[in-house]
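> output the structure for:
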Amino acid sequence: MAAPSYKRIVILGKSGSGKTTLARQISQQLALPHIELDALHWEPHWTEAPAAVFRARVAAALSQPLWVVDGNYSRVRDLVWAQADTLLWLDYPLALTLRRLFRRTLRRLFRREVLWGNNHERWSSYLSLKPENNLFLWSIKSHSKQRREYPLLLEQPEHRHLHVLRLHNPRETTEWLRSLTASPTSPNEG
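Numbers count the residues shown, from 1 in each chain. Purely as a prediction, here's the structure:
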């Protein structure tokens, strides 16, 4: 396979793996617009955007010639993966992502950080026994599922065009990020 062009990158990983942080770093380093799927998905009061609205938002965002996307939403996987040239999978150990998620959650709670859809983290969410309401339980539940499903998905013919990098720890990710040189492709090219 030819060297990746790094024009359209999608970043996957569990909650707390650092997808958004890495996307911002890549965005800065390669001058690519950053698309955060959470921002397109969440409405006020932690309401999920209707599927058709979410898909339309994602399709509009992907219409740019260059981008870096972070997020794992299966409802738009067909849109994102089909147009991406590179897929970065942050396949970090569960203990690491849970530690990071804990620190991030505490920071957001105590600082009352405004998140997507003008939402805030809520203490009550972390008392829920439903994984869809509790990021820690969701991360635990999705850990083995991602490791089982992503390799199978990536073997599908429609995804063979992707240059896939499965990064197993932050050191590998940092080394890869350092290996990037200024891209000869500017946002005006494409």
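
> switch to C-alpha atoms for all contacts and neighbour counts from now on
Fine.

> residue 158 contacts residue 80, doesn't it?
No. Counting by C-alpha atoms under 8 Å, residue 158 sits too far from residue 80 to count as a contact (11.9 Å).

> the two: who's more crowded?
Applying other C-alpha atoms under 10 Å to residue 158 and residue 80 shows that residue 80 carries more neighbours, namely 23 against 12.

> what residues does the worst-scoring helix or strand of the chain on mean pLDDT touch?
One helix or strand of the chain scores below all others by mean pLDDT, DSSP states H and E: helix 94-111, with a mean of 83. Identification of contacts with helix 94-111 by C-alpha atoms under 8 Å, 6 or more residues apart in numbering yields 14-17, 113, 120-123, 136, 139-140, 143.

> ok, now with 7 Å
Helix 94-111 has contacts (C-alpha atoms under 7 Å, 6 or more residues apart in numbering) with 15-17, 121-122, 136, 143.

> which strands or helices does the longest helix anywhere in the chain pack on?
Criterion DSSP state H: the longest helix present in the chain is helix 135-154. Contact partners of helix 135-154 among helices and strands, from 3 or more C-alpha pairs under 7 Å, 6 or more residues apart in numbering; DSSP states H and E: none.

> residues in contact with that helix?
Applying C-alpha under 7 Å, 6+ apart, the external contacts of helix 135-154 come out as 14-15, 94, 98, 131-132, 160.

> tell me the angle the following helix or strand past it makes with helix 135-154.
Following helix 135-154 in sequence order, the next helix or strand is strand 163-167 (DSSP states H and E). Per axes from the mean of the first three to the mean of the last three C-alpha atoms, to 10 degrees, the angle that strand 163-167 makes with helix 135-154 is 140 degrees.
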